[in-house]
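>>> below are the sequence and a predicted model; questions follow.
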Amino acid sequence: MGKPPAVVGAMLTGSFGLAPSSLAVVAPRPMIEGRPAAVITDIMPGANIPGFAMCQSLANPMVAAATAAALGVLTPMPCVPVVVAPWAPPATGTLISGIPAVTAGCTCTCAYGGVITLGMPGTVRTTVA
């Protein structure tokens, strides 16, 4: 059975972030349930994946520096994800503008060790393979 495809406004969570965020799709795309559909290459920080309020990963140089300045007390800093690979796993049978679609449950990895998860995809009636 297929999974719901992700569209603009899909809910994202970051494992080291302090607040959820929502997916943005900036290129003209086919519409699903009246909203632009997402593809696995929609991973640009700021453009597609806004930050998750504050980052708590010590692998983030800003967090590490602030924590060191606070004598070892974890000090979160603004979250600016650095995504290192496309969303996975992609929809195997559905291409949008020639690129695999993103579906519910897809994840991508931040360079600072976190995992970004697509939870609520923004669609309810449509499924893709």
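In hand now; what should we look at? A quick note: this is a predicted structure, and the numbers were derived from the prediction, not measured.
>>> distance of the residue of the chain most remote from its centre from Pro81?
Of all residues in the chain, Leu71 has its C-alpha farthest from the mean position, at 31.9 Å, by Cα atoms, centre = their mean. Leu71 sits 27 Å away from Pro81, going by Cβ to Cβ, to the nearest Å. The way it works is simple: take the backbone N, C-alpha and C, and place the C-beta from them, glycine included.
>>> could you do Ala47 as well?
Between Ala47 and Pro81 the computed distance is 11 Å (Cβ to Cβ).
>>> what does the lowest-mean-pLDDT helix or strand in the chain contact?
Counting by mean pLDDT, DSSP states H and E, the weakest-scoring helix or strand in the chain turns out to be strand 95-96, with a mean of 91. Strand 95-96 has contacts (Cβ atoms under 8 Å, 6 or more residues apart in numbering) with 29-30, 37-39, 101.
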